[in-house]
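*Asks:* just need the structure, nothing else, for what follows:
(2 chains)
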2 protein chains.
Amino acid sequence: MKKAVGMEQTHPLFRQVYEFILNRIERGEWRAHDKLPSIRLLADETKVHRLTVFKAYRALAEHGKVYVKDKSGYYVSPDSLLPLDTGEGTVVSSYQLTNPLSDIQRIPAKYQFSQALIDPNLLPNLFLSDYVKKVFDLYPKVMGTYSSVQGDEELRETLSQHFRQHHRLQLSAMELLITSGAQQAINLVARILLGPMDTVLVERPTYSVAMDIFRREGARLIPVEITAQGYDLEKVETLMRKHKPRMFYMNPTHHNPTGYSVPARQRKLLVELAERYRCMLVEDDPFRDMYFAEEPPTPLFAYDTEGWVIYISSFSKYVAPGLRICAVACRFPFMERLITAKSLADNGTPLLNQKIFLHYYTSPRLQQHLGKLRTALQVHKEIMEEELAAAGWEWTAPQGGLNLWVKLPSTLSVEVLFRKSMEQSIAFVPGEILDPLGEMKSWIRLSYSFASEAVLREGMQRLTALSRTL
Amino acid sequence: MKKAVGMEQTHPLFRQVYEFILNRIERGEWRAHDKLPSIRLLADETKVHRLTVFKAYRALAEHGKVYVKDKSGYYVSPDSLLPLDTGEGTVVSSYQLTNPLSDIQRIPAKYQFSQALIDPNLLPNLFLSDYVKKVFDLYPKVMGTYSSVQGDEELRETLSQHFRQHHRLQLSAMELLITSGAQQAINLVARILLGPMDTVLVERPTYSVAMDIFRREGARLIPVEITAQGYDLEKVETLMRKHKPRMFYMNPTHHNPTGYSVPARQRKLLVELAERYRCMLVEDDPFRDMYFAEEPPTPLFAYDTEGWVIYISSFSKYVAPGLRICAVACRFPFMERLITAKSLADNGTPLLNQKIFLHYYTSPRLQQHLGKLRTALQVHKEIMEEELAAAGWEWTAPQGGLNLWVKLPSTLSVEVLFRKSMEQSIAFVPGEILDPLGEMKSWIRLSYSFASEAVLREGMQRLTALSRTL
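*Replies:* Got it, this is the predicted structure:
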């Protein structure tokens, strides 16, 4: 995987040509021992530089997909279908779909530090069922009824009030759409805005699944470094002018994985840049309410008057993750497209989940719960930090969120540590996956929110002990 | 809309060139009064016949997007951005996303014949809540827990047993994935298999939202006529040989909208054709259990040994539509891709919905309920048929499903009838929307399942009475 990741990320164009050729081979349009089109021909067809095609052919040769006959060009290898045929018979070619983060998280682990999720024991699951019974008394037919595509109006009304009161967002219920988790929101926005060869600004590092979604649309990723001070706005402007990106996907508040927050003064300027360069800002904001000392700055959406910010607000991480309720705020006419995209995706989020969420969310208990949760998360964070300090690893203490972004001693190979940890049932996320450039090889993301305090302490001690043996 | 529909459907290639040009204009790459590339140049770039580009320019001129200067070529109109700018300020260009069916169904109607849904009063909503309480007792942390991406194992185990027992499908739980409704399943399969210029076989008529999904991927639709006898298999084979379609999207059992079922002998042959021409059969099967007289033939999936059938089995229409639970059966390695696509789409269907579904589905009550439901649907169907007969409209009595496919007298304009009906709060689906060729202008789809008996009778009488006044 490492090679592939690095490849597609540092050379998106080259990667696309690579995929283009491979896809035709896999679909049997070019068969074993067929002569492939000349570099010149393919460069014309795909509208890229010949050097790029040359690189693609070279990589395909390296990977055994094609072979070279001296002077006469490139030919399809007889075994180039094998990688897809996993012995189960059928060979189905498919478009680029990868999700390394999900692959890691699908492996069960006793010491689970790869999930930016909250320990179910920190969530008030038990009394939730009261609200559920209430929902069934109030809406006896909820199981037999579809939600509107945009989402339950009662819920959107309540959330728009919440946003107005808490975050000074000027919003009506019409400007909110309910999705099944932030993941779906990112996916729908990408469906609308991105196509092959489009460019997208992403933070470096960033949430890798978002990158996977953008790549599936054929988009090229352009990294924007994020630091404790935010972004280099001059650089952002240059990138916007030069590449005309369709959107800038950002997580400016308790950023995943670094925990940084983009300062208020930058937020206003970013909205101005977005407007000037017609680049949508997709503001992913799942960690806002999970702060330790002080409330984070207002969302960028609050500064936007012209409709250049799409605000993805997912409370589900701490309200009730199992419900997968997320709200997307944007202006018309974009909202019209979002509704259509949602109607094609799943025709609306289940009404039951929306109603349960609504009644729980509006309960006084939630605020009490939230206070307790903040304290608990801080305790978790500090346990992890103690063990990191003991090991002499480097990190910046975050103001909120669920993750620590940790730099390991350069003598340590993350790749080896990852493999050995998995053997000991310790899971974390290698930084490379979160880097649009596929570098950051001495960084890892450690989530402190999922494991219980005892398991967290024990797992961190095992991890750091393990690192000393390498 | 009509024009657009006809256009994209009868000339997918032409439509794509049209979109290609429009997109660049909307993205400001070609600005007002810019000279556009010559037909020759654009034909080379987009690899289509010059006549196609000519047609696209002509249509763009008709729609006021471009204008002609005698002899010197085509230029961008100054107002070509207006259609996207709906007065709200921002202009965001987006990729082709349409869903006319959903647009119709978003309009509230008293006489609702456009929804192929079951009247919530026919569903045993009330005692469902018992199962919900049971679920919370069994899984107190269900609200705080994510499902696995593939879906709850207990549910997949139960469903695979059901498929083995009832439909002779050789299936393991590993070969099932849970989605949020059949809609999402179709969408995920399309994400994996389809890209620009790929071809897809679709029935004529068919479920329009599926066509919208395939078009969003840039695929070209090739119609296959469906009749009471099934398909013309010789034609199907010719189309597979000629166009190398990636997939054949079909709804062979109580087909929507016609109610036809493809006979058993054709099913086996279709699987052989799929294997020979490497064309995936996507078998959408939501109406199987809603038959009147006798059980329908076995799913195509049962005949498939090589993994060329993807089986989409949605019970949610009659079990509990509000839960949006659907199961997709397919073989490896395709399943691996499906899991990744699902992980990118929403990272897994809510566990709560899966658990409630599981406990309700395995209850003895379901079978009793199903028997009653079949009778109720038949009564609904007969009420509608009585009114159709009185009006002298033509239809073939279906063996199951939720719809009647009705041919109106050629003297009657569906377009006018539709507009007038909407004014009287009567909703139905114009056949044109369900036709990949955008024709079938004297056909309509009437769903008899959603309205109560009284409303059904009254609405049909109003509709037929209205038609006499036109």
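*Asks:* if I pick residue A:45, what's in contact with it?
*Replies:* Contact analysis of residue A:45 by C-beta atoms under 8 Å, 6 or more residues apart in numbering or on different chains lists A:37, B:47. For every residue, glycine as well, the C-beta is placed using N, CA and C.
*Asks:* state the distance from it to residue B:438.
*Replies:* For residue A:45, the distance to residue B:438 equals 31 Å [C-beta to C-beta, to the nearest Å].
*Asks:* with residue A:284 instead?
*Replies:* 39 Å.
*Asks:* tell me which of those two has more neighbours.
*Replies:* Neighbours per residue (other C-beta atoms under 10 Å in any protein chain shown) separate residue A:284 from residue B:438, with residue A:284 holding more: 27 against 19.
*Asks:* how many neighbours does residue A:47 have?
*Replies:* Residue A:47 sits with 9 neighbouring residues when counted by other C-beta under 10 Å.
*Asks:* how much space between it and chain B?
*Replies:* 8 Å (C-beta to the nearest C-beta, to the nearest Å).
*Asks:* leaving out chain neighbours, which residue sits closest to that residue?
*Replies:* Excluding the flanking residues, the one nearest residue A:47 by C-beta to C-beta, 6 or more residues apart in numbering or on different chains is residue B:45, at 7.5 Å.
*Asks:* repeat that for residue A:248.
*Replies:* Closest to residue A:248 by C-beta to C-beta, 6+ apart is residue A:201, at 3.9 Å.
*Asks:* now do the SS call for the one you found.
*Replies:* Here residue A:201 is strand, with the state taken from DSSP: H, G, I helix; E, B strand; the rest coil.
*Asks:* who are the contact partners of it?
*Replies:* A:222-224, A:236, A:239-240, A:243, A:245, A:247-250, A:279.
*Asks:* before we move on, what about residue A:148?
*Replies:* A:348, B:106.
*Asks:* same check, this time on residue A:381
*Replies:* Counted by C-beta under 8 Å, 6+ apart, residue A:381 has contacts A:292, A:397, A:398, A:404, A:448.
*Asks:* 10 Å instead?
*Replies:* A:259, A:292, A:397, A:398, A:400, A:401, A:402, A:403, A:404, A:448, A:449, A:456 (C-beta atoms under 10 Å, 6 or more residues apart in numbering or on different chains).
*Asks:* same question for residue A:168.
*Replies:* Counting by C-beta under 10 Å, 6+ apart, residue A:168 touches A:298, A:299, A:301, A:302, A:303.
*Asks:* which residues in the stretch 351-470 of chain A form strands?
*Replies:* A:394-395, A:403-407, A:426-427, A:429-430, A:443-447 (DSSP state E, counting those that start in this stretch).
*Asks:* these: which one's closest to chain B?
*Replies:* strand A:443-447 (13.7 Å; C-beta to the nearest C-beta).
*Asks:* give me the buried positions along that closest one.
*Replies:* Using 16 or more other C-beta atoms under 10 Å in any protein chain shown as the test for burial, strand A:443-447 gives A:443, A:444, A:445, A:446, A:447.
*Asks:* and it with chain B, contact?
*Replies:* No - Strand A:443-447 is not in contact with chain B by C-beta under 10 Å from any C-beta of the partner chain; minimum separation 13.7 Å.
*Asks:* which ones are touching the residue nearest to residue A:195 when sequence neighbours are not counted?
*Replies:* Spatial nearest neighbour of residue A:195, excluding adjacent residues (C-beta to C-beta, 6+ apart): residue B:95 at 5.4 Å. Residues counted as contacts of residue B:95 (C-beta under 10 Å, 6+ apart) are A:190-195, A:198, A:217, A:337, A:341, B:19, B:23, B:216-218.
*Asks:* what do you get if the cut-off is 8 Å, keeping everything else the same?
*Replies:* If you count contacts by C-beta under 8 Å, 6+ apart, residue B:95 has them with A:191, A:192, A:193, A:194, A:195, B:19, B:23, B:216.
*Asks:* and the second one, how many neighbours?
*Replies:* I take that to be residue A:192. 23.
*Asks:* check which helix or strand covers it.
*Replies:* Using DSSP states H and E, residue A:192 falls within helix A:181-193.
*Asks:* can you show me the CA trace of that helix as CSV?
*Replies:* Provided in CSV are the C-alpha atoms of helix A:181-193 (Å, rounded to 0.1, in the frame of the first residue of the first chain):
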residue,chain,number,x,y,z
GLY,A,181,-22.8,11.2,9.6
ALA,A,182,-20.2,13.8,8.5
GLN,A,183,-18.8,11.2,6.2
GLN,A,184,-21.9,11.3,4.0
ALA,A,185,-21.9,15.1,4.1
ILE,A,186,-18.3,15.2,2.7
ASN,A,187,-19.2,12.6,0.1
LEU,A,188,-22.3,14.5,-1.1
VAL,A,189,-20.4,17.8,-1.4
ALA,A,190,-17.6,16.0,-3.3
ARG,A,191,-20.2,14.5,-5.7
ILE,A,192,-21.5,18.0,-6.5
LEU,A,193,-18.3,19.9,-6.8
